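Student: Give the three-dimensional model of this entry:
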Amino acid sequence: MTASSDKPSDPKEESRAKRKAKSKAPAPTSVELLDELLRSRRTVHQFEPRQVPRELLHEALDLARMVPNHKLSEPWRFHLLGRRAVEKVAALNARIVREAKGEELARKKLERWLAVPGMLAISSCTSGDDIVRHQEDYAACCCAAHNLALALWARGVGLKWTTGPVTRSVEFHEVLGLERTDRYAIGLFFYGYPSAIPEARRKPLSDVLEHLD
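Tutor: Residues are numbered from 1 along each chain as shown. Prediction:
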């Protein structure tokens, strides 16, 4: 007597078959992975309190350097802020905010900055009167900053690039151990594991693209 073809299938067999079929699905190509990395990266404003491993940070900083730079000048320098340096920078920012906008906002800023799990700065060369060299070095450092953001994002770590009165102040450069005649900070960077990821907002490509004959 032959088995009936209408016999119900084994759910376990179906599950194994589905897993096997799924395992054969084509893996994303390097182009697709890069596209996703570029589209998904966000500026992160809220972080989890846990620390980013130093080894992971060093990996990202090493990759940050792989960008175009005129005449291979490599103008960037990376400054990792320890706890004492973070406290100095946070207090400096709070003082600047207090003088401009009052005590309440200064207190909130101080609390927020002290809660950031990691801070670093990037500096570039001071080029004196050579405006072209200044622009080229600054552009190279900005490329390095973006590489850093992408390398960290690929490892699950978010970054926020901030500038303002604090990063342009003499006191900030003193915390970094920099002489303004030699180097200047292009920004201060907060990093850590995101606790919230904002939505992307970009204009359509047609709004920013111009074709020239």
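Student: mind showing which ranges of the protein have poor pLDDT?
Tutor: Applying pLDDT under 70 to the chain flags residues 1-25.
Student: could you pull out the strands for the protein?
Tutor: Shown for the chain, the strands assigned by DSSP state E span residues 77-81, 118-125, 158-162, 183-192.
Student: How about the contacts made by Pro68?
Tutor: When contacts are counted by C-beta atoms under 8 Å, 6 or more residues apart in numbering, Pro68 touches 140, 143. Placement of C-beta: from N, CA and C, glycine included.
Student: Show the backbone phi and psi for it.
Tutor: phi -60, psi 140 (degrees, to the nearest 10).
Student: Could you dump the strands of the chain into JSON lines with distance to Leu56 added?
Tutor: Compiled in JSON lines, those are given as follows (distance: least, C-beta to C-beta, whole Å):
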{"stretch": "strand 77-81", "distance to Leu56": "13"}
{"stretch": "strand 118-125", "distance to Leu56": "11"}
{"stretch": "strand 158-162", "distance to Leu56": "13"}
{"stretch": "strand 183-192", "distance to Leu56": "10"}
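Student: could I get those strands as a markdown table with mean neighbour count and distance to Leu212?
Tutor: Formatted as a markdown table, these follow (neighbours: other C-beta atoms under 10 Å; distance: least, C-beta to C-beta, whole Å):
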| stretch | mean neighbour count | distance to Leu212 |
| --- | --- | --- |
| strand 77-81 | 17 | 38 |
| strand 118-125 | 21 | 31 |
| strand 158-162 | 20 | 31 |
| strand 183-192 | 21 | 31 |
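Student: just so I know, which of those strands lies nearest Ala100?
Tutor: Taking C-beta to C-beta, strand 158-162 is the member of the strands of the chain nearest to Ala100, at 15.8 Å.
Student: Which residues does that closest one contact?
Tutor: Strand 158-162 is contacted by residues 42-45, 47, 145, 148-149, 152-153, 187-194, 197 when judged by C-beta under 8 Å, 6+ apart.
Student: How far off centre is stretch 192-209?
Tutor: Its chain's C-alpha centre and that of stretch 192-209 lie 13 Å apart, by C-alpha atoms, centre = their mean, to the nearest Å.
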